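Asks: This is a predicted model, with the sequence first.
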Amino acid sequence: MRFVTSLTLVAALALAACGGSDSPESRIRATIDALAEAGEAGEIAPFGDAIADDYADLRSNDRRTVLMTLRGIMLRSSGQLLVFADTESVTMITDDLAEASVRVRFAGADLDRFALETAVYRFVLTFERDGGDWMIVSARWAEGDGEPR
């Protein structure tokens, strides 16, 4: 279960701050898409670039903990990870603060146990503008249709 929770967090983070357009919403959606691709490719660096140094969530995770969890998930999946992210909405709270609601579906192989694990999570990612970049400063999530906390 920890594998699925961590995988979900990784996917959610992957969905947050790039874009073809210069609007904040499009940049955030592009970031989320880029993170989903990085998760599938087993690349941790893009997550490090997207998560703010002062990241903190209600589950007492900090930036370092999130990145270590993501790294562990990627290592366990041995490159056999599929991430499907659907950004449901991006809401601007202020000019420099936004929330993105993202539904993420994961499928990953745990080759040590010869098992395929799948999960669906809903993330609410909080982004803050840092210069020209949108950084993830916090996240809430829940399995399935649960209320993110």
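Replies: Now that the structure is in, tell me what you want to look at.

Asks: Every contact and neighbour count from this point should use C-alpha atoms.
Replies: Fine.

Asks: biggest strand in this structure by residues?
Replies: strand 115-130 (DSSP state E).

Asks: Please state the offset of that one from the chain centre?
Replies: Centroid displacement of strand 115-130 relative to its chain, using CA atoms, centre = their mean, to the nearest Å, is 4 Å.

Asks: Gly48: what's it in contact with?
Replies: Neighbouring residues of Gly48 by CA atoms under 8 Å, 6 or more residues apart in numbering: Leu67.

Asks: hmm, back to that, the longest strand of the chain - which strands sit beside it in the sheet, and in what orientation?
Replies: strand 97-110 (antiparallel), strand 133-143 (antiparallel) (DSSP bridges).

Asks: which element follows the helix ranked longest in the chain toward the C-terminus?
Replies: Scanning the chain for the longest helix, with DSSP state H as the assignment, gives helix 24-41. Later in the chain than helix 24-41, the nearest helix or strand by DSSP states H and E is helix 45-50.

Asks: Give the buried residues for that next one.
Replies: For helix 45-50, the neighbour count (16 or more other CA atoms under 10 Å) marks Pro46, Phe47, Gly48, Ala50 as buried.

Asks: now swap in stretch 119-136 and tell me
Replies: Within stretch 119-136, the residues scored as buried using 16+ other CA under 10 Å are 119-129, 133-136.
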